[in-house]
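J.: A structural model of the following input is requested.
(2 chains, ligands or ions: 2)
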Protein chains: 2
Amino acid sequence: MGAYEIEIERTSSPKEKPQGEALGFGRFFTDHMFLMDYDAGEGWHHPRIVPYGPIALDPAAKAFHYAQTAFEGLKAYRTDEGRILLFRPRSNLARLNRSNERLSIPPIDEELALRALKELVRLDRDWVPSEPGTSLYIRPFIIATEPALGVSPSRQYRFVVILSPVGAYYAQGIRPVSIHVEPDYVRAVRGGLGAAKTGGNYASGLRAQEGAAEAGHAQVLWLDGVHRRYIEEVGSMNVFFRIGDAAVTPALGGSILAGVTRDSAIRLLRSWDVPVEERAISIDEIVEAHESGGLKEAFGTGTAAVVSPIGELHWRGERRVVGGGETGELCRRIYGSLTAIQYGRAPDPFGWTEPLDGQP
Amino acid sequence: MGAYEIEIERTSSPKEKPQGEALGFGRFFTDHMFLMDYDAGEGWHHPRIVPYGPIALDPAAKAFHYAQTAFEGLKAYRTDEGRILLFRPRSNLARLNRSNERLSIPPIDEELALRALKELVRLDRDWVPSEPGTSLYIRPFIIATEPALGVSPSRQYRFVVILSPVGAYYAQGIRPVSIHVEPDYVRAVRGGLGAAKTGGNYASGLRAQEGAAEAGHAQVLWLDGVHRRYIEEVGSMNVFFRIGDAAVTPALGGSILAGVTRDSAIRLLRSWDVPVEERAISIDEIVEAHESGGLKEAFGTGTAAVVSPIGELHWRGERRVVGGGETGELCRRIYGSLTAIQYGRAPDPFGWTEPLDGQP
Ligand SMILES: Cc1ncc(COP(=O)(O)O)c(C=O)c1O
Ligand SMILES: Cc1ncc(COP(=O)(O)O)c(C=O)c1O
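T.: Ligands and ions are numbered 1, 2, ... in the order given. So this is what the prediction gives:
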């Protein structure tokens, strides 16, 4: 068990904590980070918590050249009583190992990683903000560190966990956004990396996202790379439509991420007896549903925003207002229920929250 | 011009140089590296040569998370008289800027970058090996360094150039290899990153490459992600077939890299009055040409190997021997002509080689 003991080196110069309104997303980081190394032959070893600081890598490290990386994103929430809850951390760690598998990265021990997350959050618990809607974003990631330019899986890796206090996504209340449906750029294709949480999928989206932002849209709605017709994801979120009485969302076909929020939303909807359909949805079907009046709602789901209602879809030069440009009923209900569970203000019938052990 | 002056800090502890046979590819690095930084507002600045050593980045640097990176690969060759020639460096730097454009990375000044390459190679010129077939591999690359987790283009970058003496690819003479035609995994798709030299394209290939290697094949032949029929690339090389009298290679459709060696081979072939067809080639066409006896040769082209003859293609459980498993005539002729130009042993009618200025 010696190899699994997490060494802790505390910082001698704690940073000043930023204030609630200024937090934004992923711009401030806490006092400590978790590290663990992998070497071929030795496996994962030397789990440790150290002061937050630069990572020094050989310039030939494979992560810089061949993007052999995987990452996760989850959150810790502070309850009204000051307890701290992680939301579905086991789901994220299981997904990290699925990403690892796709990227030829050796699997991590999920139990050890969960212990590391908890230990790190506990040490930096004063960084978990308490203003309404704020949380602590947890970013575990793995990078290939072997200094070798041959294109092959690395023989060395580093696993890192960093923490970032993040502001309320909806400080001014939930606001539906305008979405650009992308006709030319493709995020990922079946057979590729789309189902993994790895850098390449995000690099491929930057250009279209920039173009959409310049045209005044908040996000890109991606279509599939084969037919350029089937809906995939919206920005870094999964996407749902309410068509008639059903909630419809793209099936997990290998090119999109299996979002934890997507899964949570599906389970909530089913518990409310809302019919959920996981299937292929073409943009033409959405256009038809819009024209016939059947398209009642559209929204994204993801850890950062929980839900993000879509007020307008822009496709082939046409602007289509969804649900009168207002936040729809299902979207609002999912948001209310999920955040109530996350902040410990409602019962947790699914066992999704994970308290830090031994918290006061 | 002050901003364009390249500062030089020499190492005080030069490393031992590895010997010829042990070189391999991309495992040893020279004494110095080139660095330049970018900050939004300030642009690219502070070009400098420093001792080769670790790069320290904030763990939140975007390159680690979102693979916003681009790179190049080219070579310097030592002639029999001891002069050093770069091969088509301007083509590589132009391609780097095309990759930058796709990745939303600010363009670099190609003239300055060329000067940097030359200055760096001149400083480490003793590292350019002289054994037959060896060379100095030059790896320029750009990484996003802004420490921020929002998915958007970085506001800070670092441009790095490292140098690696590499061994003879064909120490035992040119040897045709066995190739696995990949039915399931996809490297890149039109609309994606395939035409850019960026990490994500290499990450996406690791898994299939591993599988192919386990089955005893040297490389993967990629098919397109839309129809799963059209030939794209082979490993990290462009691919050519000789069908009848013509050399046929996939057209640059947006999902494959515009190889400098590919372009050089096409120009040589045309100068020899060999008909060259850049067009879509389906795997079915290759199978038919093989069965009818029309498929005379197959080979890859790339900076690392120059050419790599394909001796067998494995597709859907069938092994197809190409050209009797021997290196074909066109392949051999391209290899001979290109290497003669690269090592300065033949005239350079295309103006492809670039000597270091002021070399002795
Ligand atoms: C591409 C992509 N799709 C969907 C999601 C939503 O996943 P989750 O609900 O697990 O945050 C994310 C992550 O936030 C993502 O990056
Ligand atoms: C994916 C890919 N295709 C093709 C090539 C060949 O390009 P070049 O001839 O410029 O080396 C490379 C680079 O070596 C590559 O990485």
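J.: Could you list the residues of the stretch 1-150 of chain A in contact with ligand 1?
T.: Selection of the stretch 1-150 of chain A residues close to ligand 1 by Cβ under 6 Å from any ligand atom yields A:G73. C-betas here are computed from N, CA, C, even on glycine.
J.: Tell me which residues touch the residue of the stretch 101-250 of chain A found nearest ligand 2, please.
T.: Ligand 2 sits closest to A:V151 of the stretch 101-250 of chain A, with a gap of 7.5 Å, by Cβ to the nearest ligand atom. A:V151 makes contact with A:66, B:202, B:205-206, B:209, B:235-236 under the criterion Cβ atoms under 8 Å, 6 or more residues apart in numbering or on different chains.
J.: filter the residues you listed down to the ones near ligand 2?
T.: When contact is defined as Cβ under 6 Å from any ligand atom, these meet ligand 2 at B:S236.
J.: Around chain B, pick out the residues from the stretch 201-350 of chain A.
T.: Counting by Cβ under 8 Å from any Cβ of the partner chain, the residues of the stretch 201-350 of chain A lying close to chain B are A:201-207, A:209-210, A:225-226, A:228, A:235-236.
J.: Tell me which two in those are the farthest apart.
T.: A:E210 and A:V226 (24.4 Å; Cβ to Cβ).
J.: neighbour count winner among those two?
T.: Neighbours of A:E210 and A:V226, each counted by other Cβ atoms under 10 Å in any protein chain shown, are more numerous for A:V226; the result is 20 against 14.
J.: And the nearest residue to the more buried one once chain neighbours are set aside, how far from A:W222?
T.: Excluding the flanking residues, the one nearest A:V226 by Cβ to Cβ, 6 or more residues apart in numbering or on different chains is B:V226, at 5.2 Å. Distance, B:V226 to A:W222, using Cβ to Cβ, to the nearest Å: 15 Å.
J.: Show me where the stretch 151-300 of chain A has its strands.
T.: A:156-166, A:177-181, A:219-223, A:231-234, A:238-243, A:246-249, A:276-278, A:295-302 (DSSP state E, counting those that start in this stretch).
J.: Packing partners of the shortest one?
T.: The elements that strand A:276-278 packs onto, with contact taken as 3 or more Cβ pairs under 8 Å, 6 or more residues apart in numbering or on different chains; DSSP states H and E, are strand A:246-249, helix A:260-271.
J.: mind listing what A:A188 touches?
T.: Contacts of A:A188 (Cβ under 8 Å, 6+ apart): A:194-195, A:201, A:204, A:225, A:232, A:255-256, B:192.
J.: Now with 6 Å, please.
T.: By Cβ atoms under 6 Å, 6 or more residues apart in numbering or on different chains, the contact set of A:A188 is A:194, A:201, A:255.
J.: could the residues you listed go into a markdown table alongside pLDDT?
T.: Converted to a markdown table, the contacts of A:A188 look like this (pLDDT from 0 to 100):
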| residue | pLDDT |
| --- | --- |
| A:G194 | 97 |
| A:N201 | 97 |
| A:S255 | 96 |
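J.: burial measure for A:G324, as a count.
T.: 10.
J.: that's a strand at it, yeah?
T.: No. Counting by DSSP: H, G, I helix; E, B strand; the rest coil, one finds A:G324 to be helix, located in no strand.
J.: What distance do you get for it to ligand 2?
T.: 48 Å (Cβ to the nearest ligand atom, to the nearest Å).
J.: Then A:K62?
T.: The gap separating A:K62 from ligand 2 is 14 Å, by Cβ to the nearest ligand atom.
J.: And for A:P153, nearest residue in space, chain neighbours not counted?
T.: Excluding its sequence neighbours, the residue lying closest to A:P153 (Cβ to Cβ, 6+ apart) is A:S104, at 4.0 Å.
J.: In contact with that neighbour, which residues are there?
T.: Neighbouring residues of A:S104 by Cβ under 6 Å, 6+ apart: A:153, B:206-207, B:210.
J.: Angles on the backbone of it, please.
T.: In terms of degrees, to the nearest 10, the main-chain angles of A:S104 are phi 60, psi 40.
J.: can you list the weak-confidence ranges in chain A?
T.: A:1-3, A:20-21, A:358-360 (pLDDT under 70).
J.: Let me see the domain layout of it.
T.: Under the assignment automatic domain parsing, the domains of chain A span A:7-166, A:177-337.
J.: Turn those into a markdown table, columns for distance to B:I6.
T.: Output for these, formatted as a markdown table (distance: least, Cβ to Cβ, whole Å):
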| stretch | distance to B:I6 |
| --- | --- |
| domain A:7-166 | 17 |
| domain A:177-337 | 29 |
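J.: Relative to A:R345, which of those domains is closest?
T.: domain A:7-166 (6.8 Å).
J.: can you give me the helices for chain A?
T.: A:62-66, A:89-102, A:110-123, A:199-203, A:206-214, A:260-271, A:283-292, A:329-342 (DSSP state H).
J.: follow-up on the earlier one: spatially, which two of the contacts of A:V151 are the most separated?
T.: The farthest-apart pair in those, when distances are taken by Cβ to Cβ, is A:Y66 and B:G235, at 12.9 Å.
J.: Looking at those two, which has the bigger crowd around it?
T.: Counted by other Cβ under 10 Å, A:Y66 and B:G235 do not tie: A:Y66 has more neighbours, with 29 against 24.
J.: count of residues packed around the closest residue to that one other than its chain neighbours?
T.: Nearest residue to A:Y66 in three dimensions, chain neighbours excluded: B:Y202, at 3.9 Å (Cβ to Cβ, 6+ apart). Neighbourhood size, B:Y202 [other Cβ under 10 Å]: 22.
J.: measure B:Y202 to B:S255 for me?
T.: Going from B:Y202 to B:S255 by Cβ to Cβ gives 14 Å.
J.: A:L295 too?
T.: A:L295 is 33 Å from B:S255, by Cβ to Cβ.
J.: do you know how far the closest residue to A:Q68 other than its chain neighbours is from A:P107?
T.: Using Cβ to Cβ, 6+ apart and skipping the chain neighbours, the partner closest in space to A:Q68 is A:A144 (3.8 Å). To A:P107, A:A144 is 15 Å away according to Cβ to Cβ.
J.: Please apply the same query to A:I179.
T.: 36 Å.
J.: quick one, which of these two is more surrounded?
T.: A:I179 (26 against 11).
J.: who's in contact with that one?
T.: For A:I179, counting by Cβ under 6 Å, 6+ apart, the contacting residues are A:217, A:219, A:221, A:310, A:313.
J.: and what of A:R27?
T.: Contacts for A:R27 (Cβ under 6 Å, 6+ apart) come out as B:A148.
J.: quick revisit: which of the residues of the stretch 201-350 of chain A next to chain B count as buried?
T.: Neighbour-count burial (16 or more other Cβ atoms under 10 Å in any protein chain shown) applied to these gives A:201-207, A:209, A:225-226, A:228, A:235-236.
J.: Could you export those as CSV, including distance to A:Y335?
T.: CSV is the format used below for those (distance: Cβ to Cβ, whole Å):
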residue, distance to A:Y335
A:N201, 26
A:Y202, 25
A:A203, 30
A:S204, 29
A:G205, 24
A:L206, 28
A:R207, 30
A:Q209, 23
A:G225, 31
A:V226, 33
A:R228, 31
A:G235, 17
A:S236, 17
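J.: What is the nearest of those to A:R125?
T.: The closest of these, once distances to A:R125 are taken by Cβ to Cβ, is A:S236, at 27.1 Å.
J.: returning to what we had before: how near is the residue of the stretch 101-250 of chain A closest to ligand 2 to B:E210?
T.: Applying Cβ to Cβ to A:V151 and B:E210 gives a distance of 11 Å.
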